[in-house]
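Peer 1: Dropping a prediction and its sequence here:
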Amino acid sequence: MGTSGMELKKLATFITGLLECMCFAGVVFGWASLVFVLKTDGYFSNLCFTLNVTDSSNSTGQEDCGDQDEAFSIVFTIAAFMNNFMTLPNGYIFDRFGTTYTRLIAIFIYTGGTLMIAFSSPEFAVLLYPALSLLSIGGILFLITNIQIGNLYGSRRSTVITLYNGAFDSSSSIFLLVKILHEYGVTLKSMFLFFSGCSILHILRTFFLLPKSHIPFPVPKDYSYGVTCGKSSSFTLINRDEGQQQKPNSSPVGEEEEENTEEQNSMSINQKDPEESGRSLLNKETDVLKLQSKAKEEPVESFKSCVFSSLFLWQIAWLSIMQLRHYLYIGTLNPFLNHLAHNDSKKVSTFTNAFAFTQLCGVLCAPWNGIILDRHKHKKKKDKESQEKDTLADVHATILSLAITVTQCVLFSLCAAIPVLEIQYASFILQVINRSFLYGGNAAFLSIAFPPCHFGKLYGVVMSLSAIVSLLQYPCLALIKGPLKEDPLYVNIALIIFMMLSYGHPINVYLYCRKQRNSGRNAGRSSPHANMLHNQEKGSEVGDSTV
């Protein structure tokens, strides 16, 4: 494939990945819109009962659906937990088996979830429990396999990663479309059968626009992926973990093309002058030996040292605290709006639509965070003495992003704590901005601060542990419904105080970077991550001297 053809393919990969994340990956977080539809269709309506009120000041026959709201909240709590907790095994599958197998699993799981909702009914409302969980698991797998597309864009990698996470957030507005179509008479079954039919598009994209294994970073010259119809250039990579050569061409078709190309190259060499062909073969062997030598001099930081580093532990705390705030808000939004609107269904519908509409802006807000993260990546290394500082520049660039994200979440929580219906418009806006920064920043930080070969596992560990913390939303719901009598004010205040701990993460990153700059290379070896950075600089110096 020529250069122009490869650029078109890269653009198609980027656009289709963005659409996939925006239309499918995070739809489960549009729960506030879907639960409105489910209530209209009578799901869990058997849990509602009529209060016989004898007081003349109150209307008789008032319906109490508190148990119905609790059942819906449990459905979302389980789905949100599975969305994060299952990223640990999902990340391992992605790192171990590559993109194609992971996406085939994701498509199977996601289609199963859509079919369950399509064939559910008020009599079989229990199907919502596994269905929403399958949607969340399949959706996060779509996101994981698409994040690597950022590797194709070099210095703009963080911007692309955050953009994809913003698209993931915006996909929650898809259930707003479901709600609107439902109001126009389109049945829930027909809409989710359409979602199931879209699996064909996912399969085609898996084989034609994505690699079989992973997209490397940095991307080598003449890199190609996916099933192609013509002959393309090929190359060989060194697997640093195993010290073996592996071919990045993703499909059997690509492997056959590579073998044909090698045969043609060998025939052309034999037709040339013997002395010239000998020099060519010698240069090839020398290049391979240099790559192998460089791979040995640049050991990859172990997965264990990454997990137990202060950067990673603070990242878990930073994500878990703010994610709990978001999950609790989304899971209780419908009863919260009912409480503020005094059960006026028209007002609740209007504010639900407004909330879902603001979710569309997630894909627009996320690149702001990526621009902040990428701002140091165009700096050139002027001399060898500044190379280690420039290596830490990407990690240092995350400090502002981390601090801004915490500040946004505090402001969002303050607005959500004010029991005034109109102020919730501000809560909706701050929520979508903060959510875009939160998940985009999480993925970008892990890709910047740790080796790419561990990204899937580290992403899975972070999301799984944060999922355990997110289970605290259930006792919070019980506290609001019971002792607090549907008033979440004190829970919101407690969350704001708890959220202030998240400022510890940007402070820790700042202290870490300052320590590495002041201590120098020798002192920096005491930290596992700094040792990796030092070895990378040493490897680059050795490569320069060899040349």
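Peer 2: Now that the structure is in, tell me what you want to look at. Please read all numbers here as calculations on a predicted model, not as lab measurements.
Peer 1: Which residue ranges of this protein form strands?
Peer 2: Taking DSSP state E, the strands of the chain run over residues 49-51, 62-64, 237-239, 244-246.
Peer 1: Spit out the contact partners of Cys198.
Peer 2: Cys198 is in contact with 23-24, counting by CB atoms under 8 Å, 6 or more residues apart in numbering. Quick note: C-beta positions are derived from backbone N, CA and C, even for glycine.
Peer 1: Low-confidence regions, the stretch 351-500 of the chain specifically.
Peer 2: Along the stretch 351-500 of the chain, segments meeting pLDDT under 70 span 374-391.
Peer 1: Any figure for the gap between the closest residue to Asn165 other than its chain neighbours and His342?
Peer 2: Nearest non-adjacent residue to Asn165, counting by CB to CB, 6 or more residues apart in numbering: Gly440, 3.6 Å away. Relative to His342, Gly440 is positioned 37 Å away (CB to CB, to the nearest Å).
Peer 1: Who has more neighbours out of these two?
Peer 2: Gly440 (32 against 9; other CB atoms under 10 Å).
Peer 1: correct me, but the more buried one touches Gly166?
Peer 2: Yes. Under the contact definition of CB atoms under 8 Å, Gly440 touches Gly166, with a separation of 5.9 Å.
Peer 1: Now do the shared contacts for the two.
Peer 2: Ala366.
Peer 1: if I pick the residue nearest to Asn165, what's in contact with it?
Peer 2: 161-166, 366, 369-370.
Peer 1: List the single closest residue to Ala403 in space, sequence neighbours excluded.
Peer 2: That would be Pro506: by CB to CB, 6+ apart, it lies 4.3 Å from Ala403.
Peer 1: Pull the number of nearby residues for the one you found.
Peer 2: Around Pro506 there are 20 residues (other CB under 10 Å).
Peer 1: With Ser302 instead?
Peer 2: Counted with other CB under 10 Å, Ser302 comes out at 13.
Peer 1: and it, what are its phi and psi?
Peer 2: For Ser302, the backbone dihedrals (degrees, to the nearest 10) come out as phi -70, psi 150.
Peer 1: can you give me the helices for the stretch 1-150 of the chain?
Peer 2: 3-20, 31-41, 66-85, 87-118, 128-147 (DSSP state H, counting those that start in this stretch).
Peer 1: Buried deepest among these, which one?
Peer 2: helix 128-147 (a mean of 24; mean count of other CB atoms under 10 Å).
Peer 1: Would you mind extracting the C-alpha trace of it into PDB?
Peer 2: Taking C-alpha atoms only, helix 128-147 is exported to PDB below (Å, rounded to 0.1, in the frame of the first residue of the first chain):
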ATOM      1  CA  LEU A 128     -32.000  -6.000  32.600                       C
ATOM      2  CA  TYR A 129     -29.500  -7.100  35.200                       C
ATOM      3  CA  PRO A 130     -27.300  -9.200  32.900                       C
ATOM      4  CA  ALA A 131     -28.100  -7.100  29.800                       C
ATOM      5  CA  LEU A 132     -26.800  -3.700  31.100                       C
ATOM      6  CA  SER A 133     -23.700  -5.500  32.500                       C
ATOM      7  CA  LEU A 134     -22.900  -7.100  29.100                       C
ATOM      8  CA  LEU A 135     -23.300  -3.700  27.400                       C
ATOM      9  CA  SER A 136     -20.900  -2.100  29.800                       C
ATOM     10  CA  ILE A 137     -18.300  -4.900  29.500                       C
ATOM     11  CA  GLY A 138     -18.500  -4.900  25.700                       C
ATOM     12  CA  GLY A 139     -18.400  -1.200  25.600                       C
ATOM     13  CA  ILE A 140     -15.200  -0.800  27.600                       C
ATOM     14  CA  LEU A 141     -13.500  -3.400  25.400                       C
ATOM     15  CA  PHE A 142     -14.300  -1.300  22.400                       C
ATOM     16  CA  LEU A 143     -12.700   1.700  24.100                       C
ATOM     17  CA  ILE A 144      -9.600  -0.300  25.200                       C
ATOM     18  CA  THR A 145      -9.000  -1.600  21.700                       C
ATOM     19  CA  ASN A 146      -9.500   1.900  20.200                       C
ATOM     20  CA  ILE A 147      -7.200   3.800  22.500                       C
END
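Peer 1: Can you list the helices and strands that it packs against?
Peer 2: helix 3-20, helix 66-85, helix 87-118, helix 157-170, helix 455-470 (3 or more CB pairs under 8 Å, 6 or more residues apart in numbering; DSSP states H and E).
Peer 1: residues making contact with the second one?
Peer 2: With CB under 8 Å, 6+ apart as the test, helix 66-85 has contacts from 28-29, 31, 35, 38-39, 43-45, 47-48, 125, 128-129, 132-133, 135-137, 139-140, 323, 327, 330-332, 334-335, 463-464, 466-468, 470-471, 473-474, 477, 481.
Peer 1: What's the separation between the nearest residue to Ser173 once chain neighbours are set aside and Ser170?
Peer 2: Leaving aside its sequence neighbours, Ser173 sits nearest to Gln359 (CB to CB, 6+ apart; 4.2 Å). Separation of Gln359 from Ser170 (CB to CB): 6 Å.
Peer 1: Of the two, which one has the most company?
Peer 2: Between Gln359 and Ser170, counted using other CB under 10 Å, the more crowded position is Ser170 (29 against 26).
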